[in-house]
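Trainee: Provided below are the primary sequence and the corresponding predicted coordinates.
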Amino acid sequence: MLEKNKAIRMVDELRRQLISNDIPLNVIDYGAGHPNDIRSQQQMSKGVEVVSSTKCYAAYGVKGADAEFLFSAILKAKPCTVLELGTCCGFSSILMSKAMPKSSIYTLEGSPELVQIAQEMHHKAGCGNIQIHTGRFVDILPGLLPSIRPVDFAFIDGHHDRDATVQYFEMILPYMSYGGVMAFDDITWSDGMKEAWAAICSHPVARYADDNGKIGLIRVGECR
């Protein structure tokens, strides 16, 4: 295991390199976009082409105090199997890999262009325990979840739509280990994400564990 501050500094350096080597990037985005965007379910299902750059995408993801929060959470959970929705540039999966180098980490990303960047970042970071699956979450999860169960730690950091976030929670929940932890990023990103977080916390098997105002944690328990 790499010490927390060293792992975060490693990710910060990789992020800095991506930002300084700014390269144009065309990405198919299956998510909600930005908080003020109004995308239809049809648009998100089909994917929206976004003309951007590595500099822009490298700026996303957990960093600073949020990176410390995520690192500490997964360290405390001690998972054997980790699932992440939303690889983006691969920074959060690197953090989780450095915290739990013997875990098996499965991360999902819809954009092949971002997958290529994440693979490069994983290679530079020396992470050998991460598998990336490319495609829409709803297409991958039905086949992947039965093959990797039980999932001990799930980090949902993609799509950022109320209904989709609740749907992913309900899809993953039957495959979680008892006492497993589910983490949700950007729980206050939009009104829809606030509603999704409230709905998840009120689920009969969800036990609120912690949140830092951006990342929320629940522990999977028995039905109330």
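Mentor: Perfect, thanks for sending it.

Trainee: okay, CA-based contacts and neighbour counts for the rest of this
Mentor: Fine.

Trainee: hey, where'd the helices end up in the chain?
Mentor: 4-20, 41-46, 54-58, 65-77, 91-99, 112-125, 137-148, 162-172, 191-201 (DSSP state H).

Trainee: Going by contacts, tell me the helices and strands next to the fourth one.
Mentor: Helix 65-77 makes packing contacts with helix 4-20, helix 91-99, strand 151-156 when contacts are defined by 3 or more CA pairs under 8 Å, 6 or more residues apart in numbering; DSSP states H and E.

Trainee: Could you do the shortest one as well?
Mentor: For helix 54-58, the packing partners by 3+ CA pairs under 8 Å, 6+ apart come out as helix 4-20.

Trainee: between the helix it packs on and helix 112-125, how many degrees?
Mentor: 130 degrees (axes from the mean of the first three to the mean of the last three CA atoms, to 10 degrees).

Trainee: hang on, the earlier thing: nearest to residue 179, of the helices of the chain?
Mentor: Ranking the helices of the chain by proximity to residue 179 (CA to CA) places helix 65-77 first, at 8.9 Å.

Trainee: Now do that closest one against helix 91-99, angle only.
Mentor: Going by the same axes, to 10 degrees, helix 65-77 makes 40 degrees with helix 91-99.

Trainee: Can you name the residues that contact the closest residue to residue 136 other than its chain neighbours?
Mentor: Once flanking residues are discounted, residue 136 sits nearest to residue 110: 5.0 Å by CA to CA, 6 or more residues apart in numbering. With contact set as CA atoms under 8 Å, 6 or more residues apart in numbering, residue 110 has these partners: 28, 29, 30, 86, 134, 135, 136, 137.

Trainee: Could you rerun that using 10 Å?
Mentor: Residues in contact with residue 110 (CA atoms under 10 Å, 6 or more residues apart in numbering) are 27-31, 47, 85-88, 133-137, 140, 158-159.

Trainee: Please apply the same query to residue 120.
Mentor: By CA under 10 Å, 6+ apart, the neighbours of residue 120 are 89, 90, 114, 126.

Trainee: one step back: tell me which of the helices of the chain sits nearest to residue 182.
Mentor: Comparing the helices of the chain by CA to CA, helix 162-172 comes nearest, at 8.4 Å.

Trainee: Give me the angle between that closest one and strand 151-156.
Mentor: Computed by the same axes, to 10 degrees, the angle separating helix 162-172 from strand 151-156 equals 170 degrees.

Trainee: Any chance of the backbone angles for the most centrally placed residue in the chain?
Mentor: With distances taken as CA atoms, centre = their mean, residue 157 lies nearest the centre of the chain, 3.4 Å away. Note on residue 157: backbone dihedrals following degrees, to the nearest 10 are phi -140, psi 50.

Trainee: for the least confident helix or strand in the chain by mean pLDDT, which positions count as buried?
Mentor: Lowest mean confidence among the helices and strands of the chain (mean pLDDT, DSSP states H and E): helix 41-46, at a mean of 83. By 16 or more other CA atoms under 10 Å, the buried positions in helix 41-46 come out as residue 44.
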